[in-house]
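**Q** Attaching a predicted model along with its sequence, questions to come.
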Amino acid sequence: MIEDYLKNITSYTGTKILLDDFVKNKIRFYKGYRNQDLGGLSENYVSGLSPAISRRIITEYEIVKQISKHVQYNDVDKFIDEICWRTYWKGWLEHRPAVWHDYLDDLTYFNDNNKKYDIYHRAIDGETGLECFDAWVSELKEYGYIHNHARMWFASIWVFYFDIPWQLGADFFYRNLLDADPASNTLSWRWVSGLQTKGKRYIASKSNIDRFTGNRFKFPENFYVKEKEIIDSRVYEPRMNIQYQNSSPNYKKGILIHEEDLSLSFVEKNIPIMMQYKTHNPFGQTSLPVDLANRSIENSIERCKKKFGSNTVTTFDWSDPQKLRKWISDHNLEMIEVTAPTVGKFESLIPSTLKNMNVEISYKYHDWDLSFWRFSDKGFFKLKKQIKKIVGPLWDGPLFSGV
Ligand SMILES: Cc1cc2nc3c(=O)[nH]c(=O)nc-3n(C[C@H](O)[C@H](O)[C@H](O)COP(=O)(O)OP(=O)(O)OC[C@H]3O[C@@H](n4cnc5c(N)ncnc54)[C@H](O)[C@@H]3O)c2cc1C
């Protein structure tokens, strides 16, 4: 039931229940049926884990480790590839932050000029008259989720059939999706539009939608999506900016937790912990994702208090950095450890907030990201070739004898 799902997906324990259920009942069918969108999550063979993965309520490492206890690698390689697609998009954008900044600039321009796109307003109201499209709009607004294949059809119809700039579509998704993520969202929209892989764009077709939705939708006569080139001559060269700073044992340190990483992976015993208590929302996300983000943060605070003691945890909000300053001074902190923010809303907020607080900053990275991001500068294939080698050691048993 959707209420149970929405409750579970905001906590570590709940997400593990969802993962266990997926591993027990669906993962074996993922390879064959993952593209089917026959209705809600319960009818489909995908995991629904993305809102938890995108906040790192559960880490990719924990997911793969858990799967490895129950299923052979070769039976679930497709699922692991998909987990790695997210890692790849995150790494690709870390190599090219300008893609995100240009997208935000484009968006400002298109938002100021969107009146000329009459169809844009009908599209976001779900009143285009194209049954499948309007149904996906309702689904997005009601549940904050649409199946991956439907996201592809949706974006393709948006760009190539309705002829609306992809940036406005990416923004509509970002504001409504529970799993909204600057990398996966922006780069998927660019991919559909043909801007990620030269000469390759994604064109939706009636027969494909019919086949993978069980003929659920009626189409206007002669419906077809026409291929065209989306012109964007900007070139983005990769450059990775890992902001390491090794923690020194001599420093008096505290840890700062923000909503991009609720895993508590870097928390140690007996150090002061500062946690963000509500979501930071600079890009106008709607109440559905905002509520879910807030519940996820609350649950993570509770988990942290249980694990490390409630008196070690202080909470703050990004709109009130004075509280952060006071915490630093009350504890005489010389260094703040914080998960390195990825391209998006915290990328400059975290360094600029901490800049004048008279502390060193130590940026922490998950090994998972560091292992994969060095292969994320080009196409997915470069990273894909490394997946078995990297996740191999997580498998229990001699499944990787050839590696
Ligand atoms: C236009 C468009 C916009 C998208 N926007 C987002 C977004 O904002 N946030 C987001 O997390 N994903 C986004 N995706 C990717 C994908 O649609 C979702 O990750 C997936 O539908 C989530 O459902 P799931 O957890 O049931 O996926 P599963 O199929 O169960 O996959 C497991 C996990 O793998 C990752 N994953 C799966 N497919 C993809 C993919 N194609 N690209 C990247 N990661 C993937 C996700 O973390 C997902 O939770 C977008 C895709 C498209 C085409």
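**A** Noted; the coordinates are in hand.
**Q** Nearest spatial neighbour of N332, chain-adjacent residues omitted?
**A** When the adjacent residues along the chain are set aside, N332 lies closest to K252, with 5.7 Å between them (C-beta to C-beta, 6 or more residues apart in numbering). C-beta here means a position set from N, CA and C on the backbone, and glycine is covered the same way.
**Q** what separates that neighbour from the ligand, distance-wise?
**A** 37 Å (C-beta to the nearest ligand atom, to the nearest Å).
**Q** again, but for R151
**A** 4 Å.
**Q** Helix or strand: which one has that residue?
**A** In this assignment (DSSP states H and E), R151 forms part of helix 148-156.
**Q** State the mean pLDDT of the very next helix or strand once past that helix.
**A** Per DSSP H and E, the first helix or strand lying C-terminal to helix 148-156 is helix 166-176. Mean pLDDT, computed over helix 166-176, is 98.
**Q** Helix 166-176 and the ligand in contact?
**A** Yes - counting by C-beta under 6 Å from any ligand atom, the ligand has neighbours in helix 166-176: F173.
**Q** what sits up against that helix?
**A** 103, 106-107, 110-111, 114, 117, 120, 123-124, 140-141, 144, 151, 154-155, 158-159, 180, 182, 185-186, 189-190, 192-193, 195, 230, 283-286, 288-289 (C-beta atoms under 8 Å, 6 or more residues apart in numbering).
**Q** Now do it: distance to the chain's middle.
**A** Chain-centre distance of helix 166-176: 14 Å, with C-alpha atoms, centre = their mean, to the nearest Å.
**Q** ok, now stretch 205-219?
**A** 27 Å.
**Q** buried stuff in it?
**A** Residues of stretch 205-219 classed as buried: I209, F212, T213, F217 (neighbour count, 16 or more other C-beta atoms under 10 Å).
**Q** So what touches that stretch?
**A** Residues contacting stretch 205-219 (C-beta under 8 Å, 6+ apart): 35-39, 130-132, 135, 149-150, 153, 223-225.
**Q** Just the buried residues of those residues.
**A** Applying 16+ other C-beta under 10 Å to the contacts of stretch 205-219 flags Q36, D37, L130, C132, A135, H149, A150, W153, F223, V225 as buried.
**Q** can you tell me which of those residues lies nearest to W373?
**A** Closest approach between the buried ones among the contacts of stretch 205-219 and W373, by C-beta to C-beta: H149, at 26.9 Å.
**Q** Next, work out how far apart P282 and P182 are.
**A** Separation of P282 from P182 (C-beta to C-beta, to the nearest Å): 11 Å.
**Q** With neighbour numbers in mind, choose between those two.
**A** Remark: of P282 and P182, P182 carries more neighbours, 23 against 10, as counted by other C-beta atoms under 10 Å.
**Q** Apart from its neighbours in sequence, what residue is nearest the more buried one?
**A** Leaving aside its sequence neighbours, P182 sits nearest to G344 (C-beta to C-beta, 6+ apart; 3.9 Å).
**Q** pretty sure that neighbour contacts A180?
**A** No - G344 is not in contact with A180 according to C-beta atoms under 8 Å; the separation is 9.5 Å.
**Q** returning to that earlier point: can you list residues touching both of P282 and P182?
**A** K345.
**Q** What subset of the contacts of helix 166-176 is buried?
**A** Neighbour counting with 16+ other C-beta under 10 Å marks 103, 106-107, 110, 114, 117, 120, 123-124, 140, 144, 151, 154-155, 158-159, 180, 182, 185-186, 189-190, 192-193, 195, 285, 288-289 as buried within these.
**Q** what's the burial count for the residue nearest to P182?
**A** Applying other C-beta under 10 Å, we find 22 residues neighbouring G344.
**Q** ok, which stretches of the stretch 301-403 of the chain are helices?
**A** Assigned by DSSP state H, counting those that start in this stretch, the stretch 301-403 of the chain shows helices spanning 321-330, 349-355, 367-373, 380-384, 387-391.
**Q** For V76, list the residues it contacts.
**A** Taking C-beta under 8 Å, 6+ apart, we find V76 in contact with I27, R28, Y30, K31, I67.
**Q** State the distance from it to D179.
**A** Separation of V76 from D179 (C-beta to C-beta) stands at 21 Å.
**Q** What parts of this structure come near the ligand?
**A** For the chain, the residues in contact with the ligand (C-beta under 6 Å from any ligand atom) are 34, 46-50, 53-54, 82-83, 85-86, 89, 148, 151-152, 155, 173, 177, 179-181, 184-185, 188-189, 192.
**Q** What residue in the stretch 201-350 of the chain comes nearest to the ligand?
**A** Nearest residue of the stretch 201-350 of the chain to the ligand, counting by C-beta to the nearest ligand atom: Y202, 8.0 Å away.
**Q** For that residue, give me its contacts.
**A** Y202 touches M152, A155, S156, W191, V192, G194, counting by C-beta under 8 Å, 6+ apart.
**Q** any idea of the pLDDT on it?
**A** pLDDT recorded at Y202 is 98.
**Q** One more: the one 5 residues further on?
**A** Taken from the predicted model, the pLDDT recorded for S207 is 97.
**Q** cool, the one 3 residues further on as well?
**A** The predicted local confidence for D210 comes out at a pLDDT of 98.
**Q** Secondary structure element holding it?
**A** Assigning secondary structure by DSSP H and E places D210 in helix 206-213.
**Q** Report the next helix or strand after that helix in sequence order.
**A** Counting by DSSP H and E, the element after helix 206-213 in chain order, helix or strand, is strand 253-257.
**Q** just checking, next helix/strand downstream of that following strand?
**A** The helix or strand immediately downstream of strand 253-257 is strand 273-276, counting by DSSP H and E.
**Q** How far off centre is that following strand?
**A** The answer for strand 273-276 is 22 Å, by C-alpha atoms, centre = their mean.
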